[in-house]
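Visitor: I would like to see how this sequence folds:
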Amino acid sequence: MNTSNTLEYNKILEMLCGHAMSEQAKQELSELQPFLSEREAKAKMQETTEARKILDSLGNPPLSPMKEIKKIMTLIEKGSMLLPEQFTSMAQFISSCRRIKAYLKKAEMLDVGIAFYGSSMNDLSALFDEIERSIRNDMVDSSASSALKDIRRKIENTNGQVKSKLDSILRSKKEYFSDGYAVMRNGHFVIPVKREYKNQISGTVIDTSATGSTYFMEPTAVSKLQNEVAMLRVAEENEVRKILYTLTALVDENSTAIHLNMEAMEILDIVFAKAKLSSEMHAISVPITTNRKIKIMNGRHPLLKKDSCVPLDFEIGNGVNGVIITGPNTGGKTVALKTVGLISLMAQSGLHVPVGVGSELCMNNLVLCDIGDGQSITENLSTFSAHITNIIDILNTANNESLVLLDELGSGTDPAEGMGIAIAVLEELRVKNCLFIATTHYPEVKDFATNADGIINAKMAFDRESLKPLYKLEIGEAGESCALYIAKRLGLPQKMIERAYHEAYCKGELRNITETSGLSEISTEEQAKIPAPKIEISKPQKSVNTRSSKFCIGDSVIVYPQKNMGIVYQKANAMGEIGVQIQGKKQLINHKRIQLKVAATELYPDDYDFSIVFDSVENRKARHQMDRKYQPNLEIKLEDEK
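Guide: The predicted structure is shown next:
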């Protein structure tokens, strides 16, 4: 189960890394995971809050990317000599440390703990001044030492004498030369002599032109001077190396202070990256506790644009451990599921989240989810197999401190069996006492949520006029898929709507009609020719001569005229009244108002214990104990039936 990728937490980390300056900070942020300690999660959240306060008041901090500093300090540890450009990088780092100290000094007025990081950073002024005096434009400057200054002055004077002599030779015999100026070849000042005159000039051939028509010669008159320049160059190089070694030793002396500054800069880089992400998302700090409760007010999916995102209001806890979300396709059920999961991961990682004031989140030891297709060609798994494999792992892993997210639970297989599996999984999660959210289309799952302790229905709102999802979650009420309604509004022929409705809802009724009217003697082919009854979707269907004795405990039924969904808990009495449980309430209803939707034999195994559906947890425990032995102090409380 790759929860990070499924909930797109990895994309949040990518965004977070984009706000960091240093490679070390980017690396640490890319590995950020939710904290399992409440104290640590709160402390990291507080850091983000303080950094955001500073950011909003003073703007972006002058942090250093520190590209070369880590490499430089590694070379120092190995005893290597640093190069001039590396000293330039070190000076830039020290300058950044100075600026961040000044920035945090201003932030102290905001009374935030992070501001005092500045006082822990070392000034390193002496090292900075020495580098500035000795290195200019990535080179050792002549002012680095009096000896280097003297050597370079001598080199300049000697080169001046060489040029002067060469210019004099060039002017005296112009016809000997292909150009009227001296050039540098192989480290020597030379004059361009025509091939036919090369024997007329006393000196050494240093190079020739590509065509061979010109010889570049060093006249004997300047050879001594050029040798002197070469000796001065060696002296210059030795002095430069001496200066660089001295500066390297100075950096080494300050290595402890430099490392402390690097650590402080990396910490600040990480904290301010979180603050920048908070600002970008218009996010806020939220309380995070070990209480098993999640409350999201005006929450937005962190990866969706604020303008195009409908705020989510969601709550779970306080006796409600499970929420079953239903509603039409593309209605936002999966987005709602991901929003809760992703916001939980972010907050537990110390990040601000895009929610409204009044929100509250809880610590989770794990956030487990089964969202998306999951089909694997390489592992030869169907969509359903992939889902079940995932769910088995979740059930084996989850406990009372986990948050479980299940999308389209029970889908990908036969609807009746899928529904049964969905209810079994939800019951197992309920027993484990974890927090869980599931999306589904199964009406029976909605009924289960209505009747089971600790589970509540929710729906994604749908505009019946515009046929558009509103992407708004409404807690406490089950939604509908609205498939037939949408199909009719979009123009599916009435004949097809009637047939679809007949197939979906009238199978049990047709079976009763067939048995009581002698149609069972008619062939299947002839029965198929019987037209489906005229049905208007918006009007409830009247039951046609349904016999009360045909209803069995566990049957899924529709109760008219309200068209409420219910489950039969008691067979018909002498008055033809059938016991039906609707939204957790048991009622006696005349059989004429009831239509069979799905028979119990299609929903449950023969030995299914219906007390799971109809009894409270307390009654079930009491019955179990009474079955074992007489319990004089136990009683089973029966609900009043209306």
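Visitor: give me the below-cutoff pLDDT ranges for the stretch 351-500 of the chain.
Guide: Counting by pLDDT under 70, the stretch 351-500 of the chain has low-confidence residues at 373-382, 462-471, 479-482.
Visitor: mind listing the helices for it?
Guide: Counting by DSSP state H, counting those that start in this stretch, the stretch 351-500 of the chain forms helices over residues 383-397, 415-432, 443-451, 483-489, 494-505, given from the N-terminal end onward.
Visitor: I'd like the mean pLDDT over the longest helix anywhere in the chain, please.
Guide: Residue-count comparison of every helix in the chain, with assignments taken from DSSP state H, identifies helix 220-253 as the longest. For helix 220-253, mean pLDDT is 93.
Visitor: in it, what's buried?
Guide: Taking 16 or more other CB atoms under 10 Å as the neighbour-count basis, helix 220-253 is seen to contain the buried residues 222, 225-226, 228-229, 232, 235-236, 239-240, 243-244, 247-248, 251. Where you see a C-beta, it was placed from the backbone N, CA and C, and this is true even at glycine.
Visitor: show me what it is packed against.
Guide: Packing contacts for helix 220-253, counted by 3 or more CB pairs under 8 Å, 6 or more residues apart in numbering; DSSP states H and E, involve helix 69-77, helix 84-107, helix 125-134, strand 139-140, helix 146-172, strand 188-194, strand 203-208.
Visitor: tally of neighbours for residue 125?
Guide: By other CB atoms under 10 Å, the residues close to residue 125 number 10.
Visitor: renumber starting at 416 from here on
Guide: Taking 416 as the first residue, the last one we looked at is residue 540.
Visitor: do you know how far it is from residue 643?
Guide: According to CB to CB, to the nearest Å, residue 540 and residue 643 sit 41 Å apart.
Visitor: same check on residue 820?
Guide: As judged by CB to CB, residue 820 and residue 643 stand 82 Å apart.
Visitor: one more: residue 492?
Guide: With the distance defined as CB to CB, residue 492 ends up 41 Å from residue 643.
Visitor: again, but for residue 435
Guide: 54 Å.
Visitor: also residue 722?
Guide: Distance from residue 722 to residue 643, by CB to CB: 76 Å.
Visitor: what does residue 838 give?
Guide: Separation of residue 838 from residue 643 (CB to CB) stands at 99 Å.
Visitor: for residue 862, grab the count of nearby residues.
Guide: Other residues near residue 862 come to 22 when the count uses other CB under 10 Å.
Visitor: again with residue 688
Guide: Close neighbours of residue 688, defined as other CB under 10 Å, add up to 25.
Visitor: now the one helix or strand it maps to: buried residues?
Guide: Using DSSP states H and E, the element containing residue 688 is helix 670-696. Of the residues in helix 670-696, 672-673, 676-677, 679-694, 696 count as buried by neighbour count, 16+ other CB under 10 Å.
Visitor: out of the helices of the stretch 766-915 of the chain, nearest to residue 625?
Guide: With CB to CB as the criterion, residue 625 lies closest to helix 798-812 of the helices of the stretch 766-915 of the chain, at 70.7 Å.
Visitor: what helices and strands are in contact with that closest one?
Guide: On the basis of 3+ CB pairs under 8 Å, 6+ apart, helix 798-812 makes packing contacts with strand 781-785, strand 817-821, helix 830-847.
Visitor: let's see it at 7 Å
Guide: Under the contact definition 3 or more CB pairs under 7 Å, 6 or more residues apart in numbering; DSSP states H and E, helix 798-812 sits against strand 781-785.
Visitor: elements contacting the strand it packs on?
Guide: Where contact means 3+ CB pairs under 7 Å, 6+ apart, strand 781-785 is packed against helix 418-421, helix 748-763, helix 798-812, strand 817-821.
Visitor: possible to save the ones you listed as a markdown table with distance to residue 623?
Guide: Rendered in a markdown table, the data for those read as follows (distance: least, CB to CB, whole Å):
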| stretch | distance to residue 623 |
| --- | --- |
| helix 418-421 | 67 |
| helix 748-763 | 72 |
| helix 798-812 | 76 |
| strand 817-821 | 80 |
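Visitor: can I get the ones you listed in JSON lines with distance to residue 467 and mean neighbour count?
Guide: Supplementary listing: these in JSON lines, determined by distance: least, CB to CB, whole Å; neighbours: other CB atoms under 10 Å:
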{"stretch": "helix 418-421", "distance to residue 467": "24", "mean neighbour count": "17"}
{"stretch": "helix 748-763", "distance to residue 467": "14", "mean neighbour count": "25"}
{"stretch": "helix 798-812", "distance to residue 467": "35", "mean neighbour count": "17"}
{"stretch": "strand 817-821", "distance to residue 467": "26", "mean neighbour count": "25"}
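Visitor: pretty sure residue 725 contacts residue 875?
Guide: No: with the criterion set as CB atoms under 7 Å, residue 725 and residue 875 do not qualify as a contacting pair; they are 9.9 Å apart.
Visitor: who has more neighbours out of those two?
Guide: Neighbour tally, residue 725 and residue 875, criterion other CB under 10 Å: the higher count belongs to residue 875, 25 against 18.
Visitor: for stretch 975-991, buried residues please.
Guide: Residues of stretch 975-991 classed as buried under the neighbour-count rule (16+ other CB under 10 Å) are 975, 980-985, 987.
Visitor: center of this structure - which residue?
Guide: The C-alpha lying nearest the average C-alpha coordinate of the chain belongs to residue 424 (CA atoms, centre = their mean; 1.6 Å).
Visitor: near residue 445, how many other residues are there?
Guide: By the criterion of other CB under 10 Å, residue 445 has 13 neighbours.
Visitor: surely it meets residue 431?
Guide: No: distance between residue 445 and residue 431: 8.1 Å, which falls outside the contact criterion (CB under 7 Å).
Visitor: confirm residue 711 sits in a helix?
Guide: No: under DSSP: H, G, I helix; E, B strand; the rest coil, residue 711 falls outside any helix and is assigned strand.
Visitor: show me the contacts for it.
Guide: Listed by CB atoms under 7 Å, 6 or more residues apart in numbering, the contact set of residue 711 reads 727-729, 755, 758, 770, 774.
Visitor: what residue in the protein is the furthest from its centre?
Guide: For the chain, the C-alpha lying farthest from the average C-alpha position belongs to residue 615; by CA atoms, centre = their mean, that distance is 81.1 Å.
Visitor: leaving out the residues flanking it, which one is nearest to it?
Guide: On the basis of CB to CB, 6 or more residues apart in numbering, the spatially nearest residue to residue 615 that is not a chain neighbour turns out to be residue 591, at 5.9 Å.
Visitor: for the one you found, grab phi and psi.
Guide: Its backbone dihedrals place residue 591 at phi -80, psi -20, with angles given as degrees, to the nearest 10.
Visitor: so what's the residue count around it?
Guide: 17.
Visitor: any idea how far the residue nearest to the centre of the chain lies from residue 900?
Guide: Residue 424 sits at a distance of 37 Å from residue 900 (criterion: CB to CB).
Visitor: for residue 1011, same thing?
Guide: To residue 900, residue 1011 is 22 Å away according to CB to CB.
Visitor: which of those two has more neighbours?
Guide: A side-by-side neighbour count of residue 1011 and residue 900, using other CB under 10 Å, places residue 1011 first with 24 against 17.
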